[in-house]
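Q: Test case, fold it:
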Amino acid sequence: MSNNELNELLKNSHKDLSVEDFEGKNVSCIGFEGQKFDDMLNKVAGKPLSVDTNLNILQDGLGHVFVEMLLTFSEGGINEKILINANENLEFFESLAKNTMLAIASTDHPEKIFMIQLPKPEKTNEALEIIKNGLSNTPTKK
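A: Modelled structure (predicted):
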């Protein structure tokens, strides 16, 4: 990965990520600007819904790990791609693997939250191991 590619990934990484306490469980949370969040919610409100969640892991062997999270909603034609810098958000992925829950929230109205139960817990655990291995591949200086 060249410096330009790394800088581009850093620049395009989603910044509004957190781990929130929901009834005693740490849940990974992705914040979206209010209008975008409202548009997403309006398309799926009141409909039976599933959300396919795929994690594509990008690493360079030098300890830089990024995760492209693809959320595909079964209703409303919503396909969201979120790029996450795993170097800065390991706790996000640890909580995701442990609780298999993902919250989507409005940054303008934090009380507006949409919860997603991830259907394949083993996939998040596998992803966490790949992320941890990628992060540990930082070259040693001699």
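
Q: from here on, contacts and neighbour counts on C-alpha atoms
A: Fine.

Q: quick one, phi/psi of N56?
A: Main-chain torsions, N56, degrees, to the nearest 10: phi -100, psi 120.

Q: count of residues packed around it?
A: Other residues near N56 number 12, with proximity taken as other Cα atoms under 10 Å.

Q: Hmm, K81 and it touching each other?
A: No: between N56 and K81 there is no contact under Cα atoms under 8 Å: 10.3 Å.

Q: Give me the residues contacting the longest helix anywhere in the chain.
A: What stands out as the longest helix in the chain, according to DSSP state H, is helix 121-135. With Cα atoms under 8 Å, 6 or more residues apart in numbering as the test, helix 121-135 has contacts from 55, 57, 59, 61-65, 86-87, 93-94, 96-98, 100.

Q: Where does confidence bottom out across those residues?
A: Least confident entry in the contacts of helix 121-135, by pLDDT: G61, with 82.

Q: I'd like to know how far that residue sits from G34.
A: 37 Å (Cα to Cα, to the nearest Å).

Q: What of P119?
A: 27 Å.

Q: How about N4?
A: Taking Cα to Cα, one finds N4 at 31 Å from G34.

Q: Mind checking which of the two has more residues around it?
A: G34 (16 against 9).

Q: Does the more buried one touch H109 like I think?
A: Yes: counting by Cα under 8 Å, G34 sits close enough to H109 to count as a contact (6.9 Å).

Q: Enumerate every residue touching the most centrally placed residue in the chain.
A: The chain has M69 as the residue nearest its centroid, 5.3 Å off, counting by Cα atoms, centre = their mean. By Cα under 8 Å, 6+ apart, the contact set of M69 is 53-56, 80-84.
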